[in-house]
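# Just need the structure, nothing else, for what follows:
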Amino acid sequence: MKLTLDACVLFPTVLREILLAVAGQGLFIPQWSDRILEEWARAARKLGPTGEPQARAEIALIRAAWPSASVPAQPGIEARLYLPDPADIHVLATAIAGSSDGIVTFNAADFPKHTLAEEGLKRLSPDEVLMDLWLSHSDAVEQAVAQVHATAQSMAGEDIARRALLKRARLPRLGKALA
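The predicted structure follows:
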């Protein structure tokens, strides 16, 4: 299964790390475009003066780890598409060009299900994707979450409840399932 990851699910570190750890288990193939990665870098400016440079370093590492995940821009596809927010058309075009099965995003209003269905795509929240994968591959998802949880605790220098970490990452259903 191929899934296009919107910038809003790449920017929160814990969420991104869980999604990519699950993809690393072979449960789905992640996709994005240069423009999606650029949106992530610009969004990281909110974190202060080091936010964007740190995001760009993480983007370089992700590009190296996932060289086939980048889908080239397809201006011809973008020209024929319509979404409520024109700034998101490139995400839909990336999913179409990459032959994705769906778009993983928090922005439900910007990606109407009927519009995506016309293109053979689904709109999926990260919690929905991870819960579906957990139901069919619980060990792999739990291992990915455990790995990210351990890293987060190590970086914080303190214990962090797994469910609280997942709730902050906007994965409440997965957090409840793993509790």
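
# contacts and neighbour counts: CA atoms only from here.
Fine.

# Quick check: residue 172 touching residue 128?
No: the pair residue 172 / residue 128 is not scored as a contact, 10.0 Å apart, by CA atoms under 8 Å.

# got any ranges where this structure has weak pLDDT?
Confidence mapping of the chain against pLDDT under 70 gives zero matching residues.

# If we use 90, what do you get?
Counting by pLDDT under 90, the chain has low-confidence residues at 11-13, 42-52, 54-55, 73-76, 78-79, 153-159, 179.

# So which residues of it form helices?
Applying DSSP state H to the chain gives helices spanning 7-10, 13-24, 34-43, 51-65, 75-79, 89-97, 113-118, 126-136, 138-156, 162-168, 172-178.

# Dump the ones you listed to TSV, plus distance to residue 103 and mean neighbour count.
Formatted as TSV, the helices of the chain follow (distance: least, CA to CA, whole Å; neighbours: other CA atoms under 10 Å):
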stretch	distance to residue 103	mean neighbour count
helix 7-10	10	22
helix 13-24	13	21
helix 34-43	12	18
helix 51-65	19	15
helix 75-79	16	13
helix 89-97	7	23
helix 113-118	9	14
helix 126-136	10	17
helix 138-156	19	16
helix 162-168	21	18
helix 172-178	19	17
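
# Turn those helices into a markdown table, columns for distance to residue 107.
Output for the helices of the chain, formatted as a markdown table (distance: least, CA to CA, whole Å):
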| stretch | distance to residue 107 |
| --- | --- |
| helix 7-10 | 8 |
| helix 13-24 | 15 |
| helix 34-43 | 14 |
| helix 51-65 | 21 |
| helix 75-79 | 19 |
| helix 89-97 | 11 |
| helix 113-118 | 11 |
| helix 126-136 | 11 |
| helix 138-156 | 23 |
| helix 162-168 | 17 |
| helix 172-178 | 17 |
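
# for residue 106, what are its contacts?
Residue 106 is in contact with 8-9, 124-126, counting by CA atoms under 8 Å, 6 or more residues apart in numbering.

# Output those as a markdown table; include the columns distance to residue 34.
Converted to a markdown table, the contacts of residue 106 look like this (distance: CA to CA, whole Å):
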| residue | distance to residue 34 |
| --- | --- |
| 8 | 14 |
| 9 | 15 |
| 124 | 21 |
| 125 | 21 |
| 126 | 21 |
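
# So which of these is the closest to residue 70?
residue 9 (15.7 Å; CA to CA).

# The closest one and residue 63, how far apart?
Residue 9 is 16 Å from residue 63, where distance means CA to CA, to the nearest Å.

# What of residue 37?
Computed as CA to CA, the residue 37 to residue 63 distance reads 10 Å.

# Which residue ranges make up each domain of the protein?
Here the domain parsing of the chain from automatic domain parsing is 2-125, 132-178.

# No more questions from me, cheers.
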